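>>> got a predicted structure here, sequence first:
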Amino acid sequence: MTFDVDHVLSQLTLAEKAALVSGADLWHTVAVERLGVPAIMCSDGPHGLRAQLEGQDHGGLLASQPATCFPTASAIASSWDAELIREVGGAIGREARHFNVSVVLGPGVNMKRSPLCGRNFEYLSEDPYLAGELGLALVEGVQSQGVGTSMKHYAANNQEDDRLRVSSDVDERTLREIYLPAFERIAKAGAPWTVMCGYNKVNGVYCSENHWLLTEVLRDEWGWDGVVVSDWGAVHDRVAALRGGLDWEMPPNLERSPAAVEEAILSGQLEPAVLDTSVRRMLTLISRGAVVHDTNDEPTFDAHHALSRRASAASIVLLKNDGNVLPLAAEGTAAVIGEFARTPRFQGAGSSQVNPTRVDVLLDELTAMLGEHRVSFAAGYGIDDTSNDDTLLGEAVSTAGAAGVVVCVLGLPAVYESEGYDRTHIELPANQTRLLTAVMAANPNLVVVLVNGSVVRMSEWAGNVPAIVECWLGGQAAGGAIADVLTGASEPGGRLAETIPVALEDIPSTLNFPGDAQHVRYGEGLFIGYRAHDRLAQQVTFPFGHGLSYTTFELTDLTVEQGGRVADGDLRATVSVTVTNTGNRAGSQVVQVYVSDNQSSVVRPVRELKGFAKVHLDAGLSERATITLDQRAFAFWSSKRRTWSVEAGDFTIFAGTSSRDLPLSQLIMIEAPSLSEPLTQMSTLHEWRADPTGKQLLDERLRNPIWNDEHFVALLGTMPMDTLANFNFGLTHDGLDAIVEQWTGARLP
Ligand code: BGC
């Protein structure tokens, strides 16, 4: 059902307009029946649908319609596979149509600033480029089905603690380089139908009222033209939010908001054009979403379950595999230890919680694949009760000791990580690490399988166990997917989308997390994730981008071809690498390209991910992977010039398979217009000497040899020339003015 937006807008009363910019209830827009405007429905998001047809709640507490639970964001991001994520998005879109849901509330593309954020399982990565590319794929997939998305939570919403009031205090460069790029990429290339603002404030202003974020950056700069919806309950002043650029308040404050909007218009405090703009956007959204789908057209839930299983396997990261313990041998017995093998945990708690159509159980799947006679089981620990249980431990030790190989499944109980609160540590429960030590002593031929939504510390034991598989929260088919990977029916396709640090204390944001007095200072600036560990030269347990395969790969023949010019804004570099599967089975590898600015006038990360390609290859085959870097790949946000800037000089292009395994590199020289500021009286001696014309003028005008004395220059070089003119070194203020004048004249074209 479509309608003419302009016509409807011209017919609406003020009361109807004020109603339209608030929702009708928890999940619907307002209908205007007399003008043929229907209501449309939205639902969470992001890794499956939480469509509630009867009874409503906010937070995943009441049951929703059974839908496919796909791998959560931290899992699926580890696939580094945009194609696959597009496919998953398409399936979510099809299920949305089936439930008559017009907007899926996801993806969540906030950065993992700290591993403590309770909602990290719903976010993709610590790297903005990776999050942008993968979030874009999900948006494209869902929207390919004629269903909208809501990229969220815009912006700098990186913790749960005090999430409705806290102000994320972040400098603009950090926002532009770390916290906004994923949103920017998706807004520009994916045109998500809606954007959900964060609950928090950014630099003291609620996201829901933040004109700079919602209007100047999102719409004016990025050219995005959809609907901004509030996070559920993020609006505190409806009129200020409209002015800021927030179109749709959810859920509506029916008690106050419509009346406040009407009153603001009638009293002249709100421009009618501001309201009309938001109403027009709402009508456009409703007309796009109001297509009536055939709800009898059941999506093939079986096929979606199979897709979820494939996606989960593609997201599983084989962190370590000493002595090729995996895949499990075709013969011999396996002891499966750990309650999580029998009681799966495959998604996180809160608004993203899906009511799955079915759930694979790892123990059952593995038993079916290996045969009952080969598999034994012991729970080893309790999940709800995490106290030490010597009986469970004793059973596990004897079961492990009697088997050929041990599969020890460990993970985070649901209460350890959730929407709504943050973690205070990154440890596994102590009853599980105690179990691991005891089981290892009984049988060191052991594989640790991890199920957790956010990073756990492994440094205490990772060196002692031969194999570790990080499965994240892999959705309803995770049990089957893990069994597929353990047996070798599938290869572990994942690579880390976040660093596994040695300790929480290595994360700089820990110093400012979760903040106090309703402020959290992003004092670490750009340095989150691998950017921090690299800059601080820290060891990590497993680096960003890392993951092994059951086959081996070699990267060779890196070439970099430069094209375009910075001055024209079209600089690009085409990076090509040959990937060869040197092992004896098919597998996939992720070629990662990092860029390093070797001579920069500002502090920059040591290197940053700027491109990647996932390559699937049969044994013995090679393929040339080509990755194009655009000008932005070389740029930093200049705080002085308030724009993206590329500085002339040497850059190194690295290619490899993790942020710490970069066997190939090439130096390139980039030419660019100078970014240096004009020299003035307040420029320092160092700055004058660094400029060829400036240095020449000083040499000509200043006769005292002290101006070229090494020690003098080192001692006083950071002083502005204006200050140096006060000292008796033969430079007067008039003389300095003349030098500045001459320099300025020489510079003019
Ligand atoms: C969450 C959003 C979610 C919304 C609707 C909020 O609490 O932050 O991510 O989409 O609720 O359930």
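Now that the structure is in, tell me what you want to look at. Numbers count the residues shown, from 1 in each chain.

>>> surely Val439 is within a helix?
Yes. When DSSP: H, G, I helix; E, B strand; the rest coil is applied, Val439 is found to be in a helix.

>>> Val560 is in contact with Ser665, correct?
No. If you go by CB atoms under 8 Å, Ser665 and Val560 don't touch, sitting 9.6 Å apart. For the C-beta atoms, the positions are set from N, CA and C on the backbone; glycine is no exception.

>>> neighbour count for those two, which is higher?
More crowded of Ser665 and Val560, by other CB atoms under 10 Å: Val560, with 19 against 15.

>>> following element in sequence after whichever strand or helix holds the more buried one, please.
Per DSSP states H and E: Val560 is located in strand 553-563. For strand 553-563, the following helix or strand on the C-terminal side (DSSP H and E) is strand 572-581.

>>> average pLDDT across the helix or strand following that following strand?
Using DSSP H and E, the next helix or strand after strand 572-581 towards the C-terminus is strand 587-597. On average, the pLDDT along strand 587-597 is 98.

>>> run through the neighbouring helices and strands of strand 587-597.
Here strand 587-597 touches strand 553-563, strand 572-581, strand 608-617, strand 622-630, strand 649-656, going by 3 or more CB pairs under 8 Å, 6 or more residues apart in numbering; DSSP states H and E.

>>> just tell me which of those strands ends up closest to the ligand.
strand 608-617 (26.0 Å; CB to the nearest ligand atom).

>>> so what touches the closest one?
Contacts of strand 608-617 with the rest of the structure, by CB atoms under 8 Å, 6 or more residues apart in numbering, involve 79-83, 127, 129-130, 133, 531, 544-545, 553, 575, 579-581, 586-596, 623, 625-629, 633, 659.

>>> run a quick neighbour tally on the closest residue to Leu35 other than its chain neighbours.
Leaving out its chain neighbours, the residue that sits closest to Leu35 by CB to CB, 6 or more residues apart in numbering is Val8, at 4.9 Å. Look at Val8: counted by other CB under 10 Å, it has 20 neighbours.

>>> not including adjacent chain positions, what is the nearest residue to the residue in the stretch 351-500 of the chain that the ligand sits nearest to?
For the stretch 351-500 of the chain, the residue closest to the ligand is Ser351, as judged by CB to the nearest ligand atom, at 3.4 Å. Take Ser351 and drop its neighbours on the chain: the residue closest to it by CB to CB, 6+ apart is Asp44, 4.9 Å away.

>>> check what pLDDT the residue in the stretch 151-300 of the chain that the ligand sits nearest to gets.
Of all residues in the stretch 151-300 of the chain, Trp232 sits closest to the ligand, at 3.7 Å by CB to the nearest ligand atom. Looking at Trp232, its pLDDT stands at 97.

>>> equivalent analysis for Pro749, please.
pLDDT, read off for Pro749, is 58.

>>> so what sits against both of Ser665 and Val560?
Ile653.

>>> need the residues of the stretch 101-250 of the chain near the ligand, please.
Leu105, Lys152, Asp231, Trp232 (CB under 6 Å from any ligand atom).

>>> and these as CSV, adding neighbour count and secondary structure?
Shown next, in CSV, are those (neighbours: other CB atoms under 10 Å; DSSP: H, G, I helix; E, B strand; the rest coil):
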residue, neighbour count, secondary structure
Leu105, 28, strand
Lys152, 28, strand
Asp231, 23, coil
Trp232, 19, coil
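
>>> which of these sit farthest apart?
Using CB to CB, the pair of those lying farthest apart is Lys152 and Trp232, separated by 10.5 Å.

>>> which residues touch the closest residue to Gly453 other than its chain neighbours?
Closest residue to Gly453 apart from its sequence neighbours, by CB to CB, 6+ apart: Phe121 at 2.6 Å. Neighbouring residues of Phe121 by CB under 8 Å, 6+ apart: Thr72, Ala73, Ser74, Gln347, Gly348, Glu417, Gly453, Ser454, Trp472, Leu473.

>>> thank you kindly, that will do.
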